[in-house]
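Chemist: Predicted model follows, preceded by the sequence.
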Amino acid sequence: MCVSAAPAEFSGTVLYVGRHHHPQLGEVEVLGYQNTAVNRAGGPNAMLLHLPAAGMGRENFLDTSQTPDVLRDLVEALRPVSRAPQPAGAAVAAGTVEVFDHDIYTVVLAADPRDIPAALGRVPENKRPRLAPELFDFYADTFPLYPVALCCFDNADARRAAPLLMWYHPIYTGRLTAPALDSHSGAAPDPQGWVRPDHWVIVGLDDAPGEWGAPVRYRRDPGPLAPFLPRRVIGQKVSHGHLRNGDFAIALDDARAGRIDRLVRLTTDGQRIPVSSAGPPPSVEAPAPAAEDAGRRRWVKPTLMAFSLVVLTLLCGWFLIWGP
């Protein structure tokens, strides 16, 4: 569901990604993220999100404290029972790190993830996790264009986080990407690994055709968040089988056409694997034919030995009784 800096369990993840036209900011992509966290570290922990953004600053993180159910409202719009009747701040420059509080988190936001460990001294001690250096080398090598947010939290705060909601100008204009790389041990993710998903993946567009998707009814007025939120959504629950480790993505044209069945798993080596192909992880490779043949012939040797022993016993008995 996400990558943690120390052992943790995450479930019930809601991922929202949408394209919206903001009256001041212009065309922006919006990413929403929320889950249920169980911290297994016995102390401070953090989750990491790699963001497909052309630049990020603290101003890109939106305050959801007054609308804590906003992503759950998107989920409810897609459940079968629910279908009936601020100016942009400066982006993070290379070599700089921003540290700021956002809801329960202290966020360390960096253009180069390798700069994050040196900034940890600016994180309150009760939220300061121990970090594996290889984790940040992995992000720098695998996602060189992506800003990375380390969201630090105290053990006691893990269950009461408001959703994360942020806007940015996307790196990739032809697709919508929702980060979902998975590793809950504190070590770098295994890009070749297989993971069990537990996600709602939801897509919103301002320029979708009239009756596209399902209408959203927000239980609280979104207020200043309204320009960043969808009026209608498409999406699906992804919680069956196993998927290759990676992100979720959908082509913008497929999203506009409402083809949520084209949702794919985007691996770090660029493969696009249909989510519909989720199934059991690959088993251990089948033995080579020679090994299979050897397995089938395992009974031959002991059978021959037993037969020889019987014949030898009979011969010895014959000579003892009847003589040569």
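Modeler: Structure received. As the structure is a prediction and not an experimental result, all values here were calculated from the model. Numbering: from 1, shown residues only.

Chemist: Walk me through the domains of the chain.
Modeler: What the record gives for the chain is the domain set 3-277, 289-322, from automatic domain parsing.

Chemist: how about low-confidence regions in the stretch 51-200 of the chain?
Modeler: For the stretch 51-200 of the chain, applying pLDDT under 70 flags the ranges 80-95, 155-160.

Chemist: before we move on, the earlier item: would you reformat the domains of the chain as CSV and include mean neighbour count?
Modeler: For glycine as for every other residue, the C-beta is placed from the backbone atoms N, C-alpha and C. What follows is those, written out as CSV (neighbours: other C-beta atoms under 10 Å):
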stretch, mean neighbour count
domain 3-277, 18
domain 289-322, 9
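
Chemist: In the stretch 201-324 of the chain, what residue spans correspond to strands?
Modeler: Counting by DSSP state E, counting those that start in this stretch, the stretch 201-324 of the chain has strands at residues 214-215, 232-238, 243-244, 247-251, 264-266, 272-274.

Chemist: outside of the last one, which residues touch it?
Modeler: In other words, strand 272-274. Contact partners of strand 272-274, identified using C-beta atoms under 8 Å, 6 or more residues apart in numbering, comprise 243, 244, 246, 249, 262, 263, 264, 265, 266, 267.

Chemist: How about the fifth one?
Modeler: Counting contacts by C-beta under 8 Å, 6+ apart, the residues outside strand 264-266 that touch it are 177, 243-244, 246-250, 271-275.

Chemist: Apply 6 Å and report the result again.
Modeler: Strand 264-266 is touched from outside by 243, 244, 246, 247, 249, 272, 273, 274, 275, with contacts defined as C-beta atoms under 6 Å, 6 or more residues apart in numbering.

Chemist: Which two of those residues have the greatest separation?
Modeler: The largest separation in those, counting by C-beta to C-beta, is between 247 and 274 at 14.1 Å.

Chemist: if we can go back for a sec, out of the strands of the stretch 201-324 of the chain, which is closest to residue 44?
Modeler: Of all the strands of the stretch 201-324 of the chain, it is strand 247-251 that lies closest to residue 44, at 26.2 Å by C-beta to C-beta.
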